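Trainee: Provide a 3D model corresponding to the input given below.
(one chain, ligands or ions: 2)
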Amino acid sequence: MVTKTDVETYLNFVNGSWISASSSEVAASINPANQNEIVGYLQKSTKEDLDTVVEAAKAAQKAWGKLSGAERGSYLYKVADIMESRLEDIAETMTREMGKTLPEAKGETARGVAILRYYAGEGMRKVGDVIPSTDSSALMFTSRVPLGVVGVITPWNFPVAIPIWKMAPALIYGNTIVLKPAQEAAVTAAKVIACFEEAKLPNGVVNFITGSGSVIGQGLVDHPGINGITFTGSDTVGKQVGQGVLARGAKYQLEMGGKNPVIVAEDADLDLAVEATISGGLRSTGQKCTATSRVIVHSSVYDTFKEKLLNQVKEIKVGNGLEEGVWMGPSASESQLNTVLSYIEKGKEEGATLLLGGNRILDQECANGFFVEPTVFENVTTDMTIAQEEIFGPVLALMKVDSLDEALTVANDVNYGLSASIFTTNIQKMLTFINDMDAGLVRINAESAGVELQAPFGGMKQSSSHSREQGQAAIEFFTSIKTVFVKG
Ligand SMILES: NC(=O)C1=CN([C@@H]2O[C@H](COP(=O)(O)OP(=O)(O)OC[C@H]3O[C@@H](n4cnc5c(N)ncnc54)[C@H](OP(=O)(O)O)[C@@H]3O)[C@@H](O)[C@H]2O)C=CC1
Ligand SMILES: O=C(O)CCC(=O)C(=O)O
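Mentor: Ligands and ions are numbered 1, 2, ... in the order given. Now for the predicted structure:
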């Protein structure tokens, strides 16, 4: 039975104050490890609420943009310190709200802190170049200006890291922001915003509004007061966001799906490859856009690799991510669980062989949650749905090949191109893979997941809008270049 007692209601954060939505309606965010537990209630905001939020962000932008980068950076350093002091609470909320294990949630929150400090430092770095003019008495240089108000639309799978890796660069380069987090992780996002509140950024610089994707997400996309949208989420919604923003001439950046392969060559260190396949594919219950989902293995080592993999996957402890010793939590929501189960059914129908898992876990401790067994298929061919579509669940598809050429053909035979790994000890194979793999991140002897905050992140093909986030690449989206010509 669901009880409402002691459950906090989270408000929108607008112009420096927490306020209710005009609808007076709230939506519950529930714990996917125990659907009877409500983690918090969130505002069901309306288009009118959104207008107020955008107005606040717009009004604050000029003064914020005029601060020096160092001044803006000093605010981000404060936010980082506050978030670090609240790491335990934020991480625990994340685990309760979207299911990833507590150590992963702590790691992600620490990463959020590090991203804030990285971009705080960016406030002191160069933003332009001096370019020689053909006129010898003139000075020509580039400068960067903020876009204005940036709409930040984020998913539930990295409820701290993704909002921060979008908000921190937006802010350091002088934009103000409106964050609309995914409903399934909005309590965690509210706790992140509370760190910005505590750091006393000027009113209106950071704003937070919850509500449905179709009303508030789409409302941001269509809003004339929003100068740029940065989005991470599904392929379908991402394309809709891009088209909507383009239609009114604003700027957009999309990070969408992946169908990431790992190639295991005949000369691979198989123990390393097994460990990385499990970590890359099943950590966070497979809910990473960089998760390994296709495991392309050379026929000469296939049987040994398979046996080692199955032996280790069988040992995975699934359960509530708050409990010590649990390696894999639940799917983040009932709808995500049903999506994963329907892909597993599709895999069976289309002729793949189910080697392990494949079921919802309904035993005592897991009965009220959205748990699914770690699942391994073999005899998967590239035309099958489970070899083509992003599952976002703990499902590995084994595919047998006879050469690196064949492995690369299979690996590239998808619409996505986010991340890819190879396990090999042969330098020539490494170089061929680096050259011929169509992915924004190519990783050698390392799992497909794992992003470093100081390096560009983004995909090829339909994984992104061909832009890059994080590191210094972020400046390209969050600013416009101004070319200045000064005649002496
Ligand atoms: N690449 C990645 O990192 C991610 C990929 N995914 C993929 O997407 C699938 C579905 O996940 P889901 O969370 O539903 O992803 P969505 O793309 O639906 O959601 C991402 C964000 O967009 C918002 N949104 C929804 N509809 C609109 C709209 N019309 N206009 C603007 N914003 C909108 C959502 O709000 P709200 O939460 O209120 O719906 C959420 O904040 C997963 O199974 C997975 O395959 C999901 C998450 C991350
Ligand atoms: O692998 C990571 O750390 C980041 C993945 C990511 O951006 C995502 O899943 O949305």
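Trainee: Identify the residues contacting residue 382.
Mentor: When contacts are counted by C-beta atoms under 8 Å, 6 or more residues apart in numbering, residue 382 touches 388, 399, 410, 413, 414. In this view, the C-beta of every residue, glycine as well, is placed from N, C-alpha and C.
Trainee: Without its sequence neighbours, what residue ends up closest to the fourth one?
Mentor: Think residue 413. residue 382 (4.8 Å; C-beta to C-beta, 6 or more residues apart in numbering).
Trainee: That neighbour belongs to a strand, doesn't it?
Mentor: No - applying DSSP: H, G, I helix; E, B strand; the rest coil, one finds residue 382 to be coil, outside a strand.
Trainee: Pull up the per-residue confidence for it.
Mentor: At residue 382, the predicted lDDT confidence score is 98.
Trainee: Near ligand 1, which residues of the stretch 251-400 of the chain are found?
Mentor: Neighbours of ligand 1 within the stretch 251-400 of the chain, by C-beta under 6 Å from any ligand atom: 255, 256, 257, 289, 336, 339, 390, 392.
Trainee: just checking, the third one touches residue 419?
Mentor: The one in question is residue 257. No - under the criterion of C-beta atoms under 8 Å, residue 257 is not in contact with residue 419, lying 11.1 Å apart.
Trainee: tell me the SS of residue 268?
Mentor: coil.
Trainee: partner residues bridging the residue nearest to it when sequence neighbours are not counted?
Mentor: Leaving aside its sequence neighbours, residue 268 sits nearest to residue 423 (C-beta to C-beta, 6+ apart; 3.7 Å). In this entry, residue 423 is beta-bridged to residue 264, by DSSP bridges.
Trainee: about what we covered before: now for residue 257 and residue 419: what residues contact both?
Mentor: residue 289.
Trainee: In terms of neighbours, single out the busier of those two.
Mentor: residue 419 (30 against 23; other C-beta atoms under 10 Å).
Trainee: Now the more buried one: phi and psi?
Mentor: phi -140, psi 150 (degrees, to the nearest 10).
Trainee: for the record, mean pLDDT for the helix or strand containing residue 475?
Mentor: Using DSSP states H and E, residue 475 falls within helix 474-478. Averaged over helix 474-478, pLDDT sits at 98.
Trainee: tell me, how many neighbours does residue 307 end up with?
Mentor: The burial count for residue 307: 12, using other C-beta under 10 Å.
Trainee: does residue 143 count as helix, strand or coil?
Mentor: On the basis of three-state DSSP, residue 143 is classed as strand.
Trainee: returning to what we had before: from residue 60, how far off is the residue nearest to residue 268?
Mentor: 50 Å (C-beta to C-beta, to the nearest Å).
Trainee: Same question for residue 193.
Mentor: 15 Å.
Trainee: For the protein, list the residues in contact with ligand 2, please.
Mentor: Close to ligand 2, as judged by C-beta under 6 Å from any ligand atom, the chain has residues 157, 158, 162, 232, 288, 289, 290, 449, 450, 451.
Trainee: Among the residues of the stretch 251-400 of the chain next to ligand 1, which are located in strands?
Mentor: Among these, DSSP state E puts residue 255 in strands.
Trainee: Using CSV, please lay out the residues of the stretch 251-400 of the chain next to ligand 1 together with pLDDT.
Mentor: Listed next are these as CSV, based on pLDDT from 0 to 100:
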residue, pLDDT
255, 98
256, 97
257, 94
289, 98
336, 98
339, 98
390, 98
392, 98
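Trainee: I'd like to know which of the residues of the stretch 251-400 of the chain next to ligand 1 are buried.
Mentor: Burial by neighbour count, 16 or more other C-beta atoms under 10 Å: within those this picks out 255, 256, 257, 289, 336, 339, 390, 392.
Trainee: ok so, going back, so what pLDDT did the residue nearest to residue 268 get?
Mentor: Reported pLDDT for residue 423: 98.
Trainee: For it, grab the count of nearby residues.
Mentor: Around residue 423 there are 27 residues (other C-beta under 10 Å).
Trainee: and if you look at residue 386?
Mentor: Neighbours around residue 386, by other C-beta under 10 Å: 23.
Trainee: all numbers from here: first residue = 635
Mentor: Right, with 635 as the first residue, what we last looked at is residue 1020.
Trainee: any idea which element it lies in?
Mentor: helix 1019-1022.
Trainee: pLDDT of the following helix or strand past that helix, averaged?
Mentor: Downstream of helix 1019-1022, the next assigned helix or strand under DSSP H and E is strand 1029-1035. Strand 1029-1035 carries an average pLDDT of 98.
Trainee: and whichever helix or strand comes after strand 1029-1035, which residues are buried?
Mentor: As assigned by DSSP H and E, the chain's next helix or strand after strand 1029-1035 is helix 1038-1046. By neighbour count with 16+ other C-beta under 10 Å, helix 1038-1046 contains the buried residues 1038, 1041, 1042, 1044, 1045, 1046.
Trainee: right, and the helix or strand after helix 1038-1046?
Mentor: Next along from helix 1038-1046, by DSSP H and E: strand 1050-1051.
Trainee: Run the contact check for that following strand versus ligand 1.
Mentor: No - on the criterion C-beta under 6 Å from any ligand atom, strand 1050-1051 is out of touch with ligand 1, staying 9.6 Å away.
Trainee: what are the pairing partners of that strand, and which direction each?
Mentor: In the sheet, strand 1050-1051 lines up with strand 1094-1095 (antiparallel) (DSSP bridges).
Trainee: how far is the strand it pairs with from where the chain is centred?
Mentor: Relative to its chain's centre, strand 1094-1095 lies at 17 Å (C-alpha atoms, centre = their mean, to the nearest Å).
Trainee: what does stretch 1090-1099 give?
Mentor: 12 Å.
Trainee: Start and end of it, how far apart?
Mentor: 14 Å (C-alpha to C-alpha, to the nearest Å).
Trainee: which outside residues touch it?
Mentor: By C-beta under 8 Å, 6+ apart, stretch 1090-1099 touches 799, 869, 872, 876, 886-892, 923, 1048-1053, 1072-1075, 1085, 1100-1107.
Trainee: Quick one: buried ones out of those?
Mentor: 799, 869, 872, 876, 886-892, 923, 1048, 1050-1053, 1072-1075, 1085, 1101-1105, 1107.
Trainee: Tell me which residues touch the residue in the stretch 985-1122 of the chain positioned nearest to ligand 1, please.
Mentor: Relative to ligand 1, the nearest point of the stretch 985-1122 of the chain is residue 1026 (3.7 Å; C-beta to the nearest ligand atom). Residues near residue 1026 by C-beta under 8 Å, 6+ apart: 791, 920, 921, 925, 970, 973, 974.
Trainee: In contact with the second one, which residues are there?
Mentor: Residue 920 makes contact with 927, 974, 1025, 1026, 1027, 1028, 1029, according to C-beta under 8 Å, 6+ apart.
Trainee: Do stretch 780-787 and ligand 1 come into contact?
Mentor: Yes - counting by C-beta under 6 Å from any ligand atom, ligand 1 is contacted by stretch 780-787 at residue 787.
Trainee: can you check stretch 844-863 too?
Mentor: Yes - on the criterion C-beta under 6 Å from any ligand atom, stretch 844-863 is in touch with ligand 1 at 846, 847, 848, 851, 852, 855.
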